[in-house]
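Q: What would the 3D arrangement of this be:
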Amino acid sequence: MKALVIDDMLTSATVISHQLRCMGIEPLVASDGPAGIELFKELRPELILLDVQMPGMDGFETARRLRQLERDGEWTPIIFLASRASDEELERAISVGSDDFLVKPVSEMVLTAKVRAMQRISQMRHSLVVLTRRLDEANRELLRLSLVDGLTGVANRRQFDESLRREWARGIRTSASLSLLMCDVDCFKQYNDRYGHQRGDECLRQVSQVLESGVRRPADLIARYGGEEFVAILPDTELDGALSVAEEIRSALEARAIPHDASPAGLVTLSIGAASVVPRRDGYTSARLLADADAALYRAKQAGRNRVHAAVPGEGRD
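A: Numbering: from 1, shown residues only. Sure, this is the predicted structure:
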């Protein structure tokens, strides 16, 4: 442990330094406020012993500036040393950031007790800071997990709903197009029946990888909507762009050539419905956009699967 002693009286600083060494603490000595501030910035001591009555910058101003130099979450105990201790000085010392106030000359027993007390407080505070950071990290991880589908690793329905609300509101503000892709793995029940649920889970993971590879912008989102259904949010994307992304995804999954004996294509394929709109406040809601994409998906299924269909605005029912 290092302790910064700021005192313009050489005799006092020498005595205190000796007492600190007897406690196993390394003293750093400065003869005035500015020099003490520079030592603090350079060496970041764990304790400060600060004389109140100093020429030029007194202890009160020095303490105030030292507190301003502390980083977020950092706390360095400051013990004021003074030849007298009026009520006004005590009140002012506390107001500028002091943690204790001792009258010189300070006995070795009293100084030792005060320093040890500050060490215990500092250690407890450090433990609390560490625990708080760990709790913050755990809470962030729990939040992340609450927004991710456990099987595929893509966004889950909750994150999709939140993202759609956010992008819809942004689209209203900016008058930018917003597109959705509703995707469904063709004949997936038959896949599970034929290959088993473990293979079915692996199939869904591969499908999600293809979907994520098909969108490249940070704002785009792939989410598992439920079962074998996935959905993509494509902000700032008109229908032609959405159809292009959908076709790239469909063909990429087809090219992966995952065997599926119970499918007409003999492979795992996707049917995709695409819908696009400029968000507005005239009654056409984000739920209606989702319903339009779902209706387009239904028509892609009816047309033979493994294809992309564009929505007819308003054809879905929310």
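Q: which residues does Ala310 contact?
A: Leu239, Leu243, Gly273, Ala274, Ala275, Ala296 (CB atoms under 8 Å, 6 or more residues apart in numbering). C-betas here are computed from N, CA, C, even on glycine.
Q: three-state assignment of the fifth one?
A: When the structure is split into helix, strand and coil by DSSP: H, G, I helix; E, B strand; the rest coil, Ala275 lands in strand.
Q: doesn't Ser177 make contact with it?
A: No - using CB atoms under 8 Å, Ala275 is not in contact with Ser177; the gap is 10.7 Å.
Q: Quickly list what's touching both of the two.
A: Leu239.
Q: The two: who's more crowded?
A: Ala275 (28 against 18; other CB atoms under 10 Å).
Q: mind listing what that one touches?
A: Contacts of Ala275 (CB under 8 Å, 6+ apart): 179-180, 182, 239, 242, 289-290, 292-293, 296, 310-311, 313, 316.
Q: So among these, which ones count as buried?
A: Using 16 or more other CB atoms under 10 Å as the burial test, these include 179-180, 182, 239, 242, 289-290, 292-293, 296, 310-311, 316 as buried.
Q: just the helices in the stretch 51-200 of the chain please.
A: 59-69, 87-96, 108-146, 157-174, 188-195, 197-214 (DSSP state H, counting those that start in this stretch).
Q: could I get those as JSON lines with distance to Thr14 and mean neighbour count?
A: Converted to JSON lines, these look like this (distance: least, CB to CB, whole Å; neighbours: other CB atoms under 10 Å):
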{"stretch": "helix 59-69", "distance to Thr14": "18", "mean neighbour count": "18"}
{"stretch": "helix 87-96", "distance to Thr14": "24", "mean neighbour count": "14"}
{"stretch": "helix 108-146", "distance to Thr14": "13", "mean neighbour count": "12"}
{"stretch": "helix 157-174", "distance to Thr14": "64", "mean neighbour count": "16"}
{"stretch": "helix 188-195", "distance to Thr14": "82", "mean neighbour count": "16"}
{"stretch": "helix 197-214", "distance to Thr14": "68", "mean neighbour count": "17"}
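Q: who's in contact with Leu243?
A: Ala274, Val308, Ala310.
Q: Please name the nearest non-neighbouring residue to Ser177.
A: Using CB to CB, 6 or more residues apart in numbering and skipping the chain neighbours, the partner closest in space to Ser177 is Glu238 (4.6 Å).
Q: Can you give me the pLDDT of that neighbour?
A: Looking at Glu238, its pLDDT stands at 95.
Q: Against Gly171, how distant is it?
A: 12 Å (CB to CB, to the nearest Å).
Q: Show me the strands in the stretch 201-318 of the chain, by range?
A: 221-226, 229-235, 270-277, 308-310 (DSSP state E, counting those that start in this stretch).
Q: got a list of contacts for the first one?
A: Right, the one you point to is strand 221-226. Outside strand 221-226, the residues that reach it (CB under 8 Å, 6+ apart) are 149, 151-152, 154-157, 159-160, 163, 182, 204, 208, 211-212, 215, 230-233.
Q: Throw the helices of the stretch 51-200 of the chain into a markdown table and include distance to Gln53 and mean pLDDT, thanks.
A: Shown next, in a markdown table, are the helices of the stretch 51-200 of the chain (distance: least, CB to CB, whole Å; pLDDT from 0 to 100):
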| stretch | distance to Gln53 | mean pLDDT |
| --- | --- | --- |
| helix 59-69 | 7 | 92 |
| helix 87-96 | 10 | 84 |
| helix 108-146 | 18 | 86 |
| helix 157-174 | 59 | 95 |
| helix 188-195 | 82 | 95 |
| helix 197-214 | 67 | 96 |
